[in-house]
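Asker: coordinates only, sequence not included:
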């Protein structure tokens, strides 16, 4: 019996340990969320399914310059995408990679490119509605929109929500809209 440990085995073991850790952490957080009861959810004044609007007077956003924010956010987003693409390219260039893993990486690269296209399309459609600048962060779990405006009205939020719902399959409760002056 040959007990040679290859790079694939180490990667596979790391992924299994990471998955186990994620399941454990999820279980711990699920136990902490038991304080929310169905009656407490019914007494809330939220309308589930409505887009979430975050007020620009939020203390976390205090002192944030709109132009500086958008410039920095675009650079940060591009840098993280470039790193992801470079990592995928390096892994795909490895000749000893399992064909199944290669196929999975190609799917991930396709997912990244579709995400970039969807974000760009949503951003352009929102800007076409008269907003000066916006950033869209899209993944399979939700959509976050950061928009530069002096005051966001309910009909503008509804327009953005409609654009997002037409372009993605994200449920309305997973849409977040943040206003920056």
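Answerer: Noted; the coordinates are in hand. Quick caveat: nothing in here was measured; it's all calculated off a predicted structure.

Asker: pLDDT weak spots in the protein?
Answerer: For the chain, the stretches flagged by pLDDT under 70 are 1-5, 32-65, 95.

Asker: quick one: the helices in this structure?
Answerer: Taking DSSP state H as the criterion, the chain contains helices spanning 7-32, 38-43, 66-93, 99-128, 154-167.

Asker: Switch those over to TSV, and while doing so, append distance to residue 175 to every line.
Answerer: Where C-beta positions appear, they are placed from N, C-alpha and C, glycine not excepted. TSV is the format used below for those (distance: least, CB to CB, whole Å):
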stretch	distance to residue 175
helix 7-32	23
helix 38-43	19
helix 66-93	18
helix 99-128	11
helix 154-167	5
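
Asker: would TSV of those helices with mean neighbour count and distance to residue 138 be doable?
Answerer: Formatted as TSV, these follow (neighbours: other CB atoms under 10 Å; distance: least, CB to CB, whole Å):
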stretch	mean neighbour count	distance to residue 138
helix 7-32	10	22
helix 38-43	8	27
helix 66-93	12	11
helix 99-128	14	5
helix 154-167	16	9
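
Asker: the domain parsing of the chain - what is it?
Answerer: 1-34, 49-180 (automatic domain parsing).

Asker: what residues are up against the residue nearest to the spatial centre of the chain?
Answerer: Closest to where the C-alpha atoms of the chain average out (CA atoms, centre = their mean) is residue 139, at 4.0 Å. Counting by CB atoms under 8 Å, 6 or more residues apart in numbering, residue 139 touches residue 115.

Asker: Check the gap between it and residue 114 for me.
Answerer: 11 Å (CB to CB, to the nearest Å).
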